[in-house]
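In: One predicted model, sequence on top.
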Amino acid sequence: MYSYPLSYLSFLAHFHEDRDYFECHEVLEEFWKEKTDQAPDSVWVGLIQMAVSLYHHRRGNFIGAKKLMTKAVAIFHKREEELGELSIDREALLHQLSCRLREIENEESFTDMAIPFSDTKIVKQYRDFLQSSFLPAEEPAAEYIYHKHKMRDRSDVLAAREESLRTRRQLAAAAK
């Protein structure tokens, strides 16, 4: 039904609909790890860095926002053809990000942005995805979206880390 990866469509939905840039990162990072060669300069990493830069900018973390936006822009210049394959208007996006980088450097207030598309194919699939698949739960409070990395439930991640540490200690003890 879709010619674009579902993770990409989900990224776009979080980017444009609920402006949950942290979730954009989560969705694409999982895709990048599981479905790609994990190149550190892939277009997927650029999209992740762009979203996280916006997350930092909205929170007033200008240093983090600048660092990630600079990296994203460098990747996009290198991967312009791949942006086109994702139906992103390369010139318009790079212009937007150049302006955004200046705003970050001048420590200007955050404003929303939209990823510019280059054809109607992505727009149709994006709309179809929204209607059929993107069913956000009740709208989260802005405070949660703005500070998600601090407020989300990470108990499963922490439990997995603790189990991994316990296993490594047991293996080290057994090796002695």
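Out: Nice, thanks for sending it over.

In: My guess is R90 contacts E82. True?
Out: No. Taking contacts as C-beta atoms under 8 Å, R90 lies outside contact range of E82: 9.4 Å. Placement of C-beta: from N, CA and C, glycine included.

In: Domain parsing of the chain, as residue ranges.
Out: Following automatic domain parsing, the chain resolves into domains at 6-138, 140-176.

In: where are the low-confidence patches of the chain?
Out: Applying pLDDT under 70 to the chain flags residues 1, 134-161, 164.

In: State the number of residues packed around I48.
Out: 25 (other C-beta atoms under 10 Å).

In: ugh, wrong one, I meant D89
Out: There are 16 residues near D89, going by other C-beta under 10 Å.

In: so who does it touch?
Out: P116, F117, S118 (C-beta atoms under 8 Å, 6 or more residues apart in numbering).

In: wait, which of those is closest to E108?
Out: Set against E108, the nearest of those by C-beta to C-beta is P116 (20.6 Å).

In: Buried members of the contacts of D89 into PyMOL, please.
Out: In PyMOL, this line selects whichever of these come out buried by 16 or more other C-beta atoms under 10 Å:
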select buried, resi 117+118
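
In: for the domains of the chain, which one ends up most surrounded?
Out: domain 6-138 (a mean of 17; mean count of other C-beta atoms under 10 Å).

In: Now do that domain: distance to the chain's middle.
Out: Remark: domain 6-138 is offset 6 Å from the chain centroid, using C-alpha atoms, centre = their mean, to the nearest Å.

In: So P40 lies in a helix, does it not?
Out: No. Assignment of P40 by DSSP: H, G, I helix; E, B strand; the rest coil gives coil, placing it outside any helix.

In: where's L94 relative to I115, distance?
Out: 12 Å (C-beta to C-beta, to the nearest Å).
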